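Q: model this:
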Amino acid sequence: MSHRVTSAVSAAPIFATLPTAALRRLEGLMTPVQFADGDRLCIEAEIGREAFVIVSGSAIVTQADQEVAELGPGDLVGERALLTGERRSATVTAAGPVTAFVMSRREFASVLALRGVRAAVEAVADQRTQLPTPAA
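A: Residues are numbered from 1 along each chain as shown. Purely as a prediction, here's the structure:
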């Protein structure tokens, strides 16, 4: 399982440049989780308590019930609420079976402490603030 975790995590663009030692540290900070079609990884306006890295499958991002993005393997989910302390800005729903790694708020903070990760995660979060906002 260890090699599988390292391979899956290193496939995520934000972790791709980490050295092997840092990837191994990530293994201890993430827990594999499965979602069925229609399961919600995050719910808009709720307090963020965890973040996810999608390993396989895809998920649909909606804001105000409007689809704004589709995420897949290697994508980070739920990071913005953990970075900012704000409520979830979108709902993320599994579009078929999804395998992901989950990190609690505390685990996520430890991941951010790894060299180069915080800047990469903040860049992803900043890019997501540029997503079109659905009309009210």
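Q: contacts and neighbour counts: CA atoms only from here.
A: Will do.
Q: Could you tell me which helix of the chain is the longest one?
A: Looking across the chain with DSSP state H, the single longest helix is helix 117-128.
Q: For that helix, which residues meet the burial criterion?
A: For helix 117-128, the neighbour count (16 or more other C-alpha atoms under 10 Å) marks Val117, Arg118, Val121, Glu122, Val124, Ala125 as buried.
Q: Same question for stretch 43-54.
A: By 16+ other C-alpha under 10 Å, the buried positions in stretch 43-54 come out as Ile43, Glu44, Gly48, Arg49, Glu50, Ala51, Phe52, Val53, Ile54.
Q: Now do the same contact list for Leu71.
A: Taking C-alpha atoms under 8 Å, 6 or more residues apart in numbering, we find Leu71 in contact with Ile54, Ser58, Ala59, Ile60, Val61.
Q: Quickly list what it is bridged to.
A: Assessed by DSSP bridges, Leu71 has beta-bridge partners Ala59.
Q: got the phi/psi numbers for Gly114?
A: Gly isn't right for residue 114; it's Leu. When read as degrees, to the nearest 10, the backbone of Leu114 gives phi -70, psi 140.
Q: Tell me, how many residues neighbour it?
A: Leu114: 15 surrounding residues under other C-alpha atoms under 10 Å.
Q: Confirm for me that it is in contact with Leu23.
A: No - counting by C-alpha atoms under 8 Å, Leu114 sits too far from Leu23 to count as a contact (9.6 Å).
Q: Give the next helix or strand downstream of the helix or strand of the chain with the lowest mean pLDDT.
A: Within the chain, no helix or strand scores below helix 2-10, which has a mean of 62 by mean pLDDT, DSSP states H and E. Where DSSP states H and E defines the elements, the next helix or strand beyond helix 2-10 is helix 20-27.
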